[in-house]
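Engineer: Pasting the sequence and the predicted model now:
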Amino acid sequence: MGDAQISSIQRTSNENTFYILDSVLYDNKDNIIQYKKNTEPLTTLIWGYNYQYPIAEVINENFENVFSIASISGINPSETKDTGQLKTTLSLLRTYYKTDPNTNISTFTYSPIIGLTSATDSRENTIIFALLVN
């Protein structure tokens with residue numbers, strides 16, 4: 001897609017190179033799907049709703065592994081717009097990573113009109129966002 005994809009950002013000081021952002025990967029819509037900041041663990045993003053919104057953030061796991069687990073549900077989470085199918089996939093991801101103490105997962109759902117409708121962290125605490133109309 002775009003010609004200006006960043007693969008890393010680095011800073012050099014006294015001939016030492018420090019990576020500020022590294023291991024950046026993109027999907028076919030130019031969404032960042034994997035990155036690493038400084039000494040923090042690798043972060044993977046899964047996009048949904050036809051590549052419009054990030055639906056999962058998995059810390060300390062690479063994109064290939066996360067996407068293969070997400071695809072077990074039989075759908076491509078990036079291409080579907082069906083919230084029910086996405087919730088099934090997100091539940092599968094949370095269940096899989098729940099037993100891994102080194103990996104944290106946050107998942108998100110959206111509504112086309114409202115925007116973000118829910119956010120669930122790795123402890124399965126969910127915040128529901130609603131639009132109140134008078």
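Structural biologist: Looks like it came in fine.
Engineer: show me what contacts Thr83?
Structural biologist: Neighbour list for Thr83: 109-111 [criterion: Cβ atoms under 8 Å, 6 or more residues apart in numbering]. Placement of C-beta: from N, CA and C, glycine included.
Engineer: Give me the pLDDT for it.
Structural biologist: Here, the pLDDT recorded for Thr83 equals 82.
Engineer: Sort out which of the contacts of Thr83 are buried, if you could.
Structural biologist: Among these, those classed as buried by 16 or more other Cβ atoms under 10 Å are 109-110.
Engineer: Tell me the one of the contacts of Thr83 nearest Arg123?
Structural biologist: Nearest to Arg123, judged by Cβ to Cβ, of those is Thr109 at 17.4 Å.
Engineer: and that closest one, helix, strand or coil?
Structural biologist: strand (DSSP: H, G, I helix; E, B strand; the rest coil).
Engineer: Now the spatially most central residue of the chain. Nearest residue, chain neighbours left out?
Structural biologist: Among the residues of the chain, the one closest to the centroid is Leu45, at 2.1 Å (Cα atoms, centre = their mean). Leaving aside its chain neighbours, Leu45 sits nearest to Pro54 (4.8 Å; criterion: Cβ to Cβ, 6 or more residues apart in numbering).
Engineer: CA-only coordinates of the helix ranked longest in the chain in PDB, if you can.
Structural biologist: Across the chain, the longest stretch assigned as helix under DSSP state H is helix 83-98. This file holds the C-alpha atoms of helix 83-98, laid out as PDB (Å, rounded to 0.1, in the frame of the first residue of the first chain):
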ATOM      1  CA  THR A  83     -19.400  -8.400  16.200                       C
ATOM      2  CA  GLY A  84     -20.700 -11.800  17.300                       C
ATOM      3  CA  GLN A  85     -18.000 -13.600  15.300                       C
ATOM      4  CA  LEU A  86     -15.400 -11.200  16.600                       C
ATOM      5  CA  LYS A  87     -16.500 -11.800  20.300                       C
ATOM      6  CA  THR A  88     -16.100 -15.500  19.700                       C
ATOM      7  CA  THR A  89     -12.600 -15.000  18.400                       C
ATOM      8  CA  LEU A  90     -11.600 -12.600  21.200                       C
ATOM      9  CA  SER A  91     -12.900 -15.000  23.800                       C
ATOM     10  CA  LEU A  92     -10.800 -17.800  22.200                       C
ATOM     11  CA  LEU A  93      -7.700 -15.500  22.400                       C
ATOM     12  CA  ARG A  94      -8.300 -14.500  26.000                       C
ATOM     13  CA  THR A  95      -8.800 -18.200  27.000                       C
ATOM     14  CA  TYR A  96      -5.600 -19.300  25.300                       C
ATOM     15  CA  TYR A  97      -3.500 -16.600  26.800                       C
ATOM     16  CA  LYS A  98      -5.100 -16.700  30.300                       C
END
